[in-house]
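> sequence first, predicted coordinates after that:
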Amino acid sequence: MNPMQKSSKEKGFTIIEMVIALVIISVILLVVVPLGQTATDNSRIANAIASIKAIQTAAVEWASDNGGVYTGITFAKLASGYLPAQFSATSTDPWSGDYNVNVDANSSTMLDIALTAVPPTPATKLTTALTKISAIPPSYTASSQTWITVLQ
């Protein structure tokens, strides 16, 4: 028997069969992986929106306890008694950046909430989702990946 020929008793895949299987698996992965990334992004955006609304509610309570102004407010101070228990002074935003809460430079009755390490696509979606509750349109700085909204 020629050593290059397979006997009918030998089992296994040919190179062509293996290449076809790898191509099929690659195509499936090319479809599935982006869907997983989209789901992760949507989850992080929803989490950020809920957190911003919780921060806004806590800030309103802070202001009512402090003469109706946000002077002196920080995320750490909100986390120490105004925010729900899942927040702490060292809580990070959904992209592992920081929450920054400060009185707005233009008015002590307005509040700046910033999230850092936010990629551009989620920042656009956050802006769209939160434009209605912002005192001025939210902004995004790509170089520092910082997303900021101003609330009253």
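The structure has been received and is ready for your questions. Numbers count the residues shown, from 1 in each chain.
> now do the buried residues in stretch 89-108.
Using 16 or more other C-beta atoms under 10 Å as the burial criterion, the residues of stretch 89-108 that qualify are 93, 94, 95, 97, 99, 101, 103, 104, 108. Every residue, glycine included, has its C-beta placed from N, CA and C.
> the last one touches residue 71, doesn't it?
Yes - in this structure residue 108 lies within contact range of residue 71 using C-beta atoms under 8 Å: 5.1 Å.
> where along this protein do the helices fall?
Using DSSP state H, the helices found in the chain span residues 15-65, 75-79, 120-130.
> who touches the shortest one?
With contact meaning C-beta atoms under 8 Å, 6 or more residues apart in numbering, helix 75-79 is reached by 55, 58, 59, 62, 87, 88, 89, 91, 98, 99, 100, 101.
> got a list of what the first one touches?
Taking C-beta under 8 Å, 6+ apart as the contact definition, residue 55 lies against 75, 78, 83, 99, 101, 113.
> the same query, at a cut-off of 10 Å, please.
Going by C-beta atoms under 10 Å, 6 or more residues apart in numbering, residue 55 touches 62, 73, 75, 78-79, 82-83, 87, 99, 101, 111, 113, 149, 151.
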